[in-house]
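Undergrad: sequence and predicted structure, then a few things I'm wondering about:
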Amino acid sequence: MIWVPGGTFTMGSDDHYAEEKPAHRVRVDGFWMDPVTVTNREFARFVEATGYVTLAEKPADPANYPGALPGMLAPSSTMFRKPSGPVDMNNHYNWWVYVKGANWRHPRGPASSIAKLMDHPVVHVAFEDAEAYARWVGKELPTEAEWEFAARGGLDGAEFVWGDEMTPGGRQMANTWQGDFPYRNSMDDGFEYTAPVGSYPPNGYGLYDMAGNVWQWTNDWYQEHGAIDSPCCTAENPRGALREASVDPRDDGSRIPRKVTKGGSHLCAPNYCRRYRPAARMAQAIDTSISHLGFRCIVRREERF
């Protein structure tokens, strides 16, 4: 693990998406962090040792989804499916689909496998799956503030993890989408889907893939930065909302709590979801796994890990 020294930094941004505002001062204590996201190899070791079954591998509880058709309750996960041409960008169902049999073992659908992806980040893990793994290895998931501080690598206020230029000297610094999302990816970075962890340069703390590749779970319940009590003053080791924030009601009336995810993914593009930046954030329902979301862990103690 990599030691991330404590310090004060500007969290959030006033220059991009509304959910990142306001920029505010935060201080975090030092902690140890995994240098890369948890891989398929590491997650497979956990499953083999414990017999753990992920949320995507189990049928959904009909009590949690009143009125849902039985077929919709089958084990499944959310996958990106590239359309053949331009689509309505206001309707994300044009590229996101629920796929039966998609899970961490079959990240690109039931016919796929991880045989050649063992060093890629594990995906299709819901929040409870990430938390279970963290407990097994004696670690925790980071808060949003810890994650963002670590991602900045000492570059307080910089636009990206590596500085203020997206492709310094023409070099791709993270696994993101080049071209017109969601139908044309020129793959200037060499990858259409996930990349092996550590494929790009580390940040100033020695952490890899703190932008792009896969989104990463944090332990914070989602709240708007605008709901912060005192954005004018430096907060000490802040955490998210005290209560479980919920998504807007679904068609069946259910409300699903959300956690904060950070870092963007290989699906983030200049024309859509410019969230491959440390300030960027997304609210993710805890009952949902997805093909571009993984995690990494931390340890909050000072002695060498």
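TA: In hand now; what should we look at?

Undergrad: where do the helices sit along the stretch 51-200 of the chain?
TA: Per DSSP state H, counting those that start in this stretch, the stretch 51-200 of the chain carries helices over the ranges 127-136, 144-152.

Undergrad: what is the longest one packed up against?
TA: Secondary-structure packing of helix 127-136 (3 or more CB pairs under 8 Å, 6 or more residues apart in numbering; DSSP states H and E): helix 40-50, strand 215-221. (C-beta placed from N, C-alpha, C; glycine too.)

Undergrad: okay, the helices of the stretch 51-200 of the chain in CSV with distance to residue 178 next?
TA: CSV is the format used below for the helices of the stretch 51-200 of the chain (distance: least, CB to CB, whole Å):
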stretch, distance to residue 178
helix 127-136, 28
helix 144-152, 21
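
Undergrad: lowest-scoring secondary structure element of the chain by mean pLDDT?
TA: strand 235-236 (a mean of 86; mean pLDDT, DSSP states H and E).

Undergrad: mind showing which ranges of this protein have poor pLDDT?
TA: 226-233, 241-254, 303-305 (pLDDT under 70).

Undergrad: residue furthest from the geometric center of it?
TA: Largest separation from the mean C-alpha position in the chain: residue 67, at 30.0 Å (CA atoms, centre = their mean).

Undergrad: count the neighbours of the residue lying closest to residue 286 once chain neighbours are set aside for me.
TA: Once flanking residues are discounted, residue 286 sits nearest to residue 127: 4.1 Å by CB to CB, 6 or more residues apart in numbering. When neighbours are defined as other CB atoms under 10 Å, residue 127 has 24 of them.

Undergrad: ok, back up a step: can you list contacts of the least confident helix or strand of the chain?
TA: Identification of contacts with strand 235-236 by CB atoms under 8 Å, 6 or more residues apart in numbering yields 24-27, 145, 228.

Undergrad: again, only using 10 Å
TA: 8, 11, 24-29, 145, 228-229 (CB atoms under 10 Å, 6 or more residues apart in numbering).

Undergrad: that one pairs with which strands?
TA: Its sheet considered, strand 235-236 pairs with strand 24-28 (parallel) by DSSP bridges.

Undergrad: run the chain-centre distance for the partner strand.
TA: Distance of strand 24-28 from the chain centroid (CA atoms, centre = their mean, to the nearest Å) equals 21 Å.

Undergrad: write the ChimeraX selection for whichever of the contacts of strand 235-236 are buried.
TA: Burial among the contacts of strand 235-236 is assessed by 16 or more other CB atoms under 10 Å; the matching ChimeraX selection reads:
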select :11,24,25,26,27,28,145,228
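
Undergrad: what two of the contacts of strand 235-236 have the greatest distance between them?
TA: Farthest pair in the contacts of strand 235-236 (CB to CB) is 29 and 229. Separation: 20.3 Å.

Undergrad: wait, what's in contact with residue 135?
TA: Contacts of residue 135 by CB under 10 Å, 6+ apart are 141, 297.

Undergrad: look up how far residue 107 lies from it.
TA: According to CB to CB, to the nearest Å, residue 135 stands 23 Å off from residue 107.

Undergrad: in the stretch 151-300 of the chain, which spans are strands?
TA: Using DSSP state E, counting those that start in this stretch, the strands of the stretch 151-300 of the chain run over 179-180, 184-185, 215-221, 235-236, 258-262, 282-285, 293-294, 298-299.

Undergrad: test my guess that residue 160 contacts residue 201.
TA: No: contact criterion CB atoms under 10 Å: residue 160 and residue 201 do not qualify, at 11.7 Å.

Undergrad: more neighbours, these two?
TA: Under the criterion of other CB under 10 Å, the comparison of residue 160 against residue 201 puts residue 160 first, with 23 against 11.
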